[in-house]
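K.L.:
I'd like to go over a predicted model; first the sequence, then the structure.
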Amino acid sequence: MKINLTTTTQTDLNVTFIEKNEIENSPHSKVLNNAGFSAEQDSICFLHESALLVCGVEDSENDNIRSATSVAIKALKSANYKSVSFPVTKENIPAIVEGIILGGYEFNNYKSKPKKSKLKNISLVCENIMELQSTFEEAIIIAEATAYTRDIVNMTPEDLNPPSFADLAKKLAKENGLECTILGEKKLAKEKMGSMLAVGRASRHDSKLIHLCYKPANAKKIISLVGKGLTYDSGGLSLKPATSMVTMKMDKAGACAVLGMIKAVSELKLDVEVNVFIGAVENMIGGDAYKPDDVLVSRSGKTIEVRNTDAEGRLVLADVLDYAQDKVEADYLFDFATLTGACMVALGQYTTGIMGHSNKIKHALYKSANNSGELIAPLPFNKHLKKQLKSNIADISNISSKPYGGAITAGLFLDNFIKEENKERWIHFDIAGSAYTETPWDCNVYGGTGAGVRVISDFLKSLK
Ligand code: BES
Ligand code: ZN
Ligand code: ZN
């Protein structure tokens, strides 16, 4: 499917957006009324004889345009038109590009006979190409990086395991001119990463720490992006119930998101140095598995009492965050993780929870979320929840002693591994709900959503 920006329409069909109060003045009002179409948000009506697809929108807000475009593109992909056009403006072109690329996204790698769409060409029709060209190109890069993240989240745990994740990162590094360092278990042992190593011990795959770097000539700022890359989370000996284990291939979504982010930034050629650190590990069971009651010595020297092997993401991140802080002196340190089911309980499935000490960064991120159409919300730390991580035999316990506030206590656990000088630079993103969906919403379809890529691309574009 090709998307091009143009000033003329010569396509098989034109898409048009319409609000409720615009129906009566439409030249097609009679047919639309006969069809029972009342321009509800996300409702559509084909007027085949007029070569039109009419899409209802509540108003011209980008969130509504993106959602309506997603509905339109799905209908168009199963129709028989070869070329279609959408009207675009400078304001709504990113939303329309996202609706087309992300709303029309399909993952067919495991289908033996994937359906083929007839739709080949999509024209975005504007008045002045020059005025929209760069916004158009940026939107394509960001949407495609988001689709790239989805592609890897959707891969099976057999296909995407820690070593093959490292290979994938190497491939991206080669294609996009990034520096790439991979540490296997021998090197992780030399680094004294006892916390991360314990999680991967029962897996037949070697755990990997992946570091990629995009280094532009005149970087204005440096950012480190850390991703939880659990290529499978069975829960370990604190085994998940059967129904909770299904979808746990998505526990690598934080790692997939940071790869999408560095792909976007390197293609946008932003003046920001981006370092990606991924802990790629598989949490399995077996005679060699780490156990509840173990005490682990993390890279930082802090000891951790394991009380639940299913709270493994924080154990991996503790060591990767510590390593990242020693390797790069960054202005911003963000981590992305499908860390807790509790985050979904707190915020619902659509919203990413963000935690950290800097209100300034949280505020900027909130703005970027609004610009990009992702949903984020802050979850506040407090000293009472912090106490719940106390251990009787080690420096800290890997789970809270109480059942409430689990997303925040997980964030507070990570806070223990953030060095004093980085406290105001660090933000933790819990994407447990937002990274994966089994029911379509907005421009998201079944599977990985690519959560994080759009909001961080906007944030990094805004850095001065
Ligand atoms: N990967 C899970 C969190 C998760 C759950 C992500 C559902 C996406 C959907 C994480 O490793 C986990 O199992 N967390 C436990 C923590 C608990 C043992 C303190 C959880 O959320 O139940
Ligand atoms: Zn787990
Ligand atoms: Zn997990």
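P.N.:
Sure thing, it's come through. Ligands and ions are numbered 1, 2, ... in the order given.

K.L.:
contacting residues for the closest residue to residue 156 other than its chain neighbours?
P.N.:
Distances taken as C-beta to C-beta, 6 or more residues apart in numbering place residue 249 nearest to residue 156, at 6.2 Å, with adjacent residues excluded. All C-beta atoms are positioned from the backbone trio N, CA, C, and that covers glycine. By C-beta atoms under 8 Å, 6 or more residues apart in numbering, the contact list for residue 249 reads 153, 155-157, 160, 231-232.

K.L.:
and the residues you listed, which are buried?
P.N.:
153, 155, 157, 160, 231-232 (16 or more other C-beta atoms under 10 Å).

K.L.:
Looking at those, which are in strands?
P.N.:
Among the buried ones among the contacts of residue 249, the members found in strands (DSSP state E) are 231-232.

K.L.:
near ligand 1, which residues of the protein?
P.N.:
Taking C-beta under 6 Å from any ligand atom as the contact definition, the chain meets ligand 1 at 233, 251, 308, 310-313, 338-342, 399, 406, 432.

K.L.:
just checking, what packs against the longest helix anywhere in the chain?
P.N.:
The residue-count maximum for a helix in the chain (DSSP state H) belongs to helix 129-153. Contacts defined by 3 or more C-beta pairs under 8 Å, 6 or more residues apart in numbering; DSSP states H and E place helix 129-153 against strand 2-6, helix 93-101, helix 253-268, strand 447-448, helix 453-462.

K.L.:
got the angle between the helix or strand that the first one is followed by and helix 93-101?
P.N.:
It refers to strand 2-6. Downstream of strand 2-6, the first helix or strand assigned by DSSP states H and E is strand 13-18. Here the directions of strand 13-18 and helix 93-101 differ by 130 degrees (axes from the mean of the first three to the mean of the last three C-alpha atoms, to 10 degrees).

K.L.:
centre of the chain versus strand 13-18, how much separation?
P.N.:
30 Å (C-alpha atoms, centre = their mean, to the nearest Å).

K.L.:
pLDDT on whichever helix or strand comes after it, on average?
P.N.:
Downstream of strand 13-18, the first helix or strand assigned by DSSP H and E is helix 29-34. On average, the pLDDT along helix 29-34 is 97.

K.L.:
Quick check: buried residues in stretch 275-287?
P.N.:
Neighbour-count burial for stretch 275-287 [16+ other C-beta under 10 Å]: 275-284.

K.L.:
how about the strands in the stretch 351-464 of the chain?
P.N.:
Assigned by DSSP state E, counting those that start in this stretch, the stretch 351-464 of the chain shows strands spanning 352-356, 376-378, 396-397, 426-430, 436-437, 447-448.

K.L.:
Could I get those strands in CSV, plus columns for mean neighbour count and mean pLDDT?
P.N.:
Shown next, in CSV, are the strands of the stretch 351-464 of the chain (neighbours: other C-beta atoms under 10 Å; pLDDT from 0 to 100):
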stretch, mean neighbour count, mean pLDDT
strand 352-356, 24, 99
strand 376-378, 18, 98
strand 396-397, 20, 98
strand 426-430, 28, 99
strand 436-437, 22, 98
strand 447-448, 24, 98
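
K.L.:
I'd like to know which of the ones you listed lies nearest to residue 410.
P.N.:
Of all the strands of the stretch 351-464 of the chain, strand 426-430 sits nearest to residue 410, with 7.1 Å by C-beta to C-beta.
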